[in-house]
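*Asks:* Structure for the following, please:
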Amino acid sequence: MKVEIDKDKRGDWRWRVMAGNNRIVATGGGDGYRRRCDMLKMMRAVLHPALLPDTKALLLAGAIGLLAGCASFVKPGWEDAAHASCWTGANASVRLMNILSPHMDKGTFEDRVRWMKDRGCDTAHVFLANRADGQYAGYCIYGPEWTWNIDGGYCDTFRERIKYLRRQGLAVVVWLMADDSAQYAKAAAQDPQRYIADLDKEKLLSQASTVVAGLEMNEYWNSGQVGAVVGAIRGKYSGKVGTHQTSGRCDYAGMADIVFYQVNPGQSAAWIQAEAARIKAATGKPLNFFEIERQEDRAKSEAAIRGGAFGVGNW
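*Replies:* Numbers count the residues shown, from 1 in each chain. Coordinates of the predicted model:
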């Protein structure tokens, strides 16, 4: 028996399902992940000689369905977190990175996830701390203010929504700090080890394909503080770590595995393509050309990818 479920789209999972050694084995294609699901009882049922062919087919279909469902539990690699739309509306009036906010109702959250998926996104970028950047701001793992006392209700919401994003087949990139969050950023810089340890304790990093230390970090942290935050992340998280700065800057890139880069809006697609190539060559790191415009822009996102970026935030 060999069955293939193959979606010809970057970021989706390709599954080869085979019977062997009393197992059904599902293998994610091309990304190095391998998920084995023990299905001993179902396999025995499928292979039982007394069963009619139609019954075997139904049981086999059920097994395949269960295996396909495993995709949401296999964390996409950093390179699969490629296509995201993080802003829409006039001057980025809708901020998709705020969807974890407990101030956002469940219906609005699900509507925004649906909007991302309808655009063909394979990734959601989300803030775990945002003091004042856009609608629904004013949240972190300690509640609306940075008290260093974990707010269980807020963290429950974060976890539930990250799980929902994963069930929807989206990679999740977590950002540990938004800009316009000076009070939060100052507190975090005083004890980054404690902040990251609290995030880890609340299991808010485990499903992240990438962890980014913060948005536009040069506005609130100097290079030494960024180094301390990145070091704390590496102590608790084994995946790739990203840095991000204000438009045209990437001097913190040496501390990162991945460079998240932005430019002032209004540039041409040709300029974006050339700039992507320049930054990738200058840093020698994988490049996510994260902010090109203040809303979705497919043409310029594709230009960034032609220039060598693996990911974008304006898809």
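*Asks:* what residue ranges in the stretch 51-200 of the chain score low on pLDDT?
*Replies:* Flagging of the stretch 51-200 of the chain using pLDDT under 70 yields the residue ranges 51-73.
*Asks:* mind listing the strands for it?
*Replies:* Counting by DSSP state E, counting those that start in this stretch, the stretch 51-200 of the chain has strands at residues 87-88, 94-95, 123-127, 171-175.
*Asks:* Could you do the stretch 201-315 of the chain as well?
*Replies:* Using DSSP E, counting those that start in this stretch, strands in the stretch 201-315 of the chain cover 210-212, 240-244, 258-262, 287-291, 311-312.
*Asks:* most tightly surrounded among the strands of the stretch 51-200 of the chain?
*Replies:* Highest mean neighbour count of the strands of the stretch 51-200 of the chain: strand 123-127, a mean of 26 (counted as mean count of other C-beta atoms under 10 Å). Every C-beta, even on glycine, is put in place using the N, C-alpha and C of the backbone.
*Asks:* Just the CA trace of stretch 279-287, in CSV.
*Replies:* Extracted C-alpha coordinates of stretch 279-287, given in CSV (Å, rounded to 0.1, in the frame of the first residue of the first chain):
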residue,chain,number,x,y,z
ILE,A,279,20.9,43.0,2.0
LYS,A,280,21.1,39.3,1.6
ALA,A,281,24.7,39.6,0.3
ALA,A,282,25.7,42.2,2.9
THR,A,283,24.5,40.1,5.9
GLY,A,284,25.1,36.6,4.6
LYS,A,285,21.9,35.6,6.4
PRO,A,286,18.5,34.4,5.3
LEU,A,287,16.3,37.4,4.6
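*Asks:* coming back round to it: I'd like the strands of the stretch 201-315 of the chain laid out as a markdown table, including distance to H83, mean pLDDT and mean neighbour count.
*Replies:* Shown next, in a markdown table, are the strands of the stretch 201-315 of the chain (distance: least, C-beta to C-beta, whole Å; pLDDT from 0 to 100; neighbours: other C-beta atoms under 10 Å):
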| stretch | distance to H83 | mean pLDDT | mean neighbour count |
| --- | --- | --- | --- |
| strand 210-212 | 14 | 98 | 27 |
| strand 240-244 | 16 | 98 | 24 |
| strand 258-262 | 14 | 98 | 26 |
| strand 287-291 | 10 | 98 | 27 |
| strand 311-312 | 7 | 98 | 30 |
